[in-house]
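1. Fold the stuff below for me.
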Amino acid sequence: MKNLYFRGFMLLACLQIFYQSSIYAQCTCTGGLPATAIDQSITISPTTASSLVFTFQQFNPAIGNLSCVSLHDTIMGTSVTGAGNTGPDSTAFLFQLTLTNKISGPGITLTHVYNSVHGYDTLAPFGMPGDTITYGPENIISFPNGFGSAGGNAAYLGTGTVGFTYSINGGLITLDGGSNYNSSVTTVIGGTLHLTYYWCPTVPLGTAISNFSAYKQNGIVSLQWLGTIDQNGIVYEIEYSKDNENWQPAGTVPAGSAPTGTVAQFQYQYNTSQTNVGEIYFRIKRTDPEGNVVYSIVKAVNLQQADQRPGIQIYPNPVNQNIFVQFDEQQTGNFNLELLSTSGQIIERKQVQLVGNTMTNMDLTVKPASGIYFLRAVNPANNKQFLTKVIVN
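-> Residues are numbered from 1 along each chain as shown. Down below sits the predicted model:
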């Protein structure tokens, strides 16, 4: 495949850019350096539904490597059971109630099984007083703190959602007394589901590479990043992967004549071929004259999806309070920068004016609660909008 690359424009070294400290990949869910946790929760209001569907945000592989996923539930439930004699004679019944509550998603299943025995209870002939009986309410989940985990399952990776289902099955049977009976079981459940992603960078992340973006248009993936030029002879190598594990070189971009002490913007164009299908991953490898190597974060591009328009990215992500915003293309106009909750509520808004700029910033006056948010940039003059995900520590 052919690759085209070219240098971008120079940024003065006095431009204020915040870099994360170098992070290393030697971390797991159970040992080594602690993996970083991202937690999401869903509250289940009391309901009598026998099946429910829940969706959580996927883990964005551009952040790093997903080490493992855990699901923790605090589901509580009660059940009321009714039984009636449908036979012509008084009958002594011994009943068994069995209910199975199950929460399942990719690679994770939490199961709560409840058994109880009722009787012997003598029920009058059908149609006579005393032909029915009610049991309960019963606590059907004895241990409400369920826990399950999975490795880096591919179903959790992406920028969309991943689904979980809740179901309850079972009923009342007779252990003694025959089959001339009817029954009804009403359950009420409620509680909270917590999904936690534990992730680590795949390689040491370099403080000298920032604001890395990738998007596809007309069969070409455009890559852009900022690089700190702290000495001469620096080389940037573009690497790609089809599985985010095995990497191959695509081309190189030398720092060239960039003056030492500046921050330069670099661009690279990757021409896709027929052998490229599905998602493809990109990262930047930076090598200095002494042979020291660091990498950028990983960016994923889905080649089967429709072309992507140039967008925005934020840095760092996860954020604390200072958000630096970079557009993939130069922008001119007045923009509203809006931090949104996952329900669409505007948490904070700031107006900025851009004149051929690609970078701006948004400082949060009040840090919101930790979790997943979205940053939207809107130009009211032409309703041009950009949206990206934000994770607040």
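
2. Surely L193 and G163 touch.
-> No: with contact defined as CB atoms under 8 Å, L193 does not reach G163; the gap is 11.9 Å. For the C-beta atoms, the positions are set from N, CA and C on the backbone; glycine is no exception.

3. what residues are shared contacts of these two?
-> F54 (CB atoms under 8 Å, 6 or more residues apart in numbering).

4. got the contact list for N244?
-> Contact analysis of N244 by CB under 8 Å, 6+ apart lists 61, 65, 202, 281, 298, 300.

5. in the chain, which helix or strand is least confident?
-> strand 3-11 (a mean of 36; mean pLDDT, DSSP states H and E).

6. which one is the residue of the chain positioned farthest from its centre nearest to, not counting chain neighbours?
-> Relative to the mean C-alpha coordinate of the chain, counting by CA atoms, centre = their mean, the farthest residue is D89 (59.9 Å). The shortest distance from D89 to any non-neighbouring residue, by CB to CB, 6 or more residues apart in numbering, is to P125 (5.7 Å).

7. Looks to me like the one you found is in a helix.
-> No: applying DSSP: H, G, I helix; E, B strand; the rest coil, one finds P125 to be coil, outside a helix.

8. Any chance of the backbone angles for it?
-> Torsion angles at P125 (phi, psi; degrees, to the nearest 10) stand at phi -60, psi 150.

9. beta partners of V352?
-> F335 (DSSP bridges).

10. residue contacts, it?
-> V352 neighbours (CB under 8 Å, 6+ apart): 334-335, 337, 360, 362.

11. Write a PyMOL command that selects only the buried members of the residues you listed.
-> Here is the PyMOL selection string for the buried members of the contacts of V352, based on 16 or more other CB atoms under 10 Å:
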select buried, resi 335+337+360+362
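
12. What ranges does the stretch 151-300 of the chain have for its strands?
-> Using DSSP state E, counting those that start in this stretch, the strands of the stretch 151-300 of the chain run over 161-176, 181-200, 209-217, 220-229, 235-241, 248-254, 262-271, 279-287, 293-295, 299-302.

13. Going by mean pLDDT, which of the ones you listed comes out lowest?
-> Here the lowest mean pLDDT among the strands of the stretch 151-300 of the chain goes to strand 209-217, at a mean of 77.

14. what residues does it touch?
-> 17, 19, 221-228, 236, 272, 282-284, 286, 294-297, 299-303, 305, 307-311, 313, 315, 324, 326, 328, 359.

15. Tell me the pLDDT of I314.
-> In this prediction, I314 has a pLDDT value of 80.

16. Around it, count how many other residues there are.
-> Using other CB atoms under 10 Å, I314 has 20 other residues around it.

17. Repeat that for E138.
-> Neighbours of E138 (other CB under 10 Å): 16.

18. what is the orientation angle of the helix or strand hosting it with strand 161-176?
-> In this structure, E138 sits in strand 132-139 according to DSSP states H and E. Computed by axes from the mean of the first three to the mean of the last three CA atoms, to 10 degrees, the angle separating strand 132-139 from strand 161-176 equals 140 degrees.

19. Strand partners (parallel or antiparallel) of strand 132-139?
-> With DSSP bridges as the test, strand 132-139 pairs up with strand 76-85 (antiparallel).

20. Looking at the strand holding E138 now, give me its mean pLDDT.
-> Confidence over strand 132-139, taken as the mean pLDDT, stands at 93.

21. Over to the residue farthest from the centre of the chain: give its phi and psi.
-> Main-chain dihedrals, D89, degrees, to the nearest 10: phi -120, psi 150.

22. and it, what pLDDT?
-> So, for D89, pLDDT stands at 94.

23. try A208
-> With respect to pLDDT, A208 scores 78.

24. Check W247 too.
-> pLDDT for W247: 86.

25. One more: N65?
-> pLDDT for N65: 74.

26. And L99, by the same measure?
-> 93.

27. For the remainder of this discussion, apply numbering that starts at 34.
-> Fine by me, first position is 34 from now on; the one you just mentioned is L132.

28. what residues are up against the closest residue in space to it that isn't next to it in sequence?
-> Setting aside the residues directly before and after it, L132 is nearest to G203 in space (CB to CB, 6+ apart), at 4.1 Å. Counting by CB under 8 Å, 6+ apart, G203 makes contact with 130-133, 147, 218.

29. Including neighbour count, could those residues go into TSV?
-> Putting these into TSV (neighbours: other CB atoms under 10 Å) gives the following:
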residue	neighbour count
L130	22
T131	13
L132	22
T133	14
Y147	19
V218	19
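
30. which ones among those residues are found in strands?
-> 130-133, 147, 218 (DSSP state E).

31. Pull out the buried residues from stretch 273-292.
-> So for stretch 273-292, counting by 16+ other CB under 10 Å, buried means 273-274, 277, 280, 283-284, 286, 288, 291.

32. Tell me which two of these sit farthest apart.
-> Largest separation among the buried residues of stretch 273-292 by CB to CB: N277 and A291, giving 29.9 Å.

33. Run through the stretch 284-426 of the chain and note the low-pLDDT ranges.
-> 290-291, 339-343 (pLDDT under 70).

34. quick one on the thing from earlier: quick one: which of the contacts of V385 is nearest P413?
-> Of the contacts of V385, the one sitting nearest to P413 (CB to CB) turns out to be N367, at 7.0 Å.

35. Skip the chain neighbours and tell me the closest residue to the closest one.
-> N367 sits nearest to Q386 (CB to CB, 6+ apart), 5.3 Å away.

36. how close does H227 sit to K249?
-> Computed with CB to CB, to the nearest Å, the distance linking H227 and K249 is 35 Å.

37. Comparing those two, which residue is more hemmed in?
-> K249 (19 against 15).

38. Could you give the bridge partners of the more buried one?
-> Those that pair with K249 in a beta bridge, by DSSP bridges, are V254.

39. picking that back up, between strand 214-233 and the strand holding E171, find me the angle.
-> 10 degrees.

40. quick one: strand 165-172 to chain centroid distance?
-> Distance of strand 165-172 from its chain centroid, counting by CA atoms, centre = their mean, to the nearest Å, is 41 Å.
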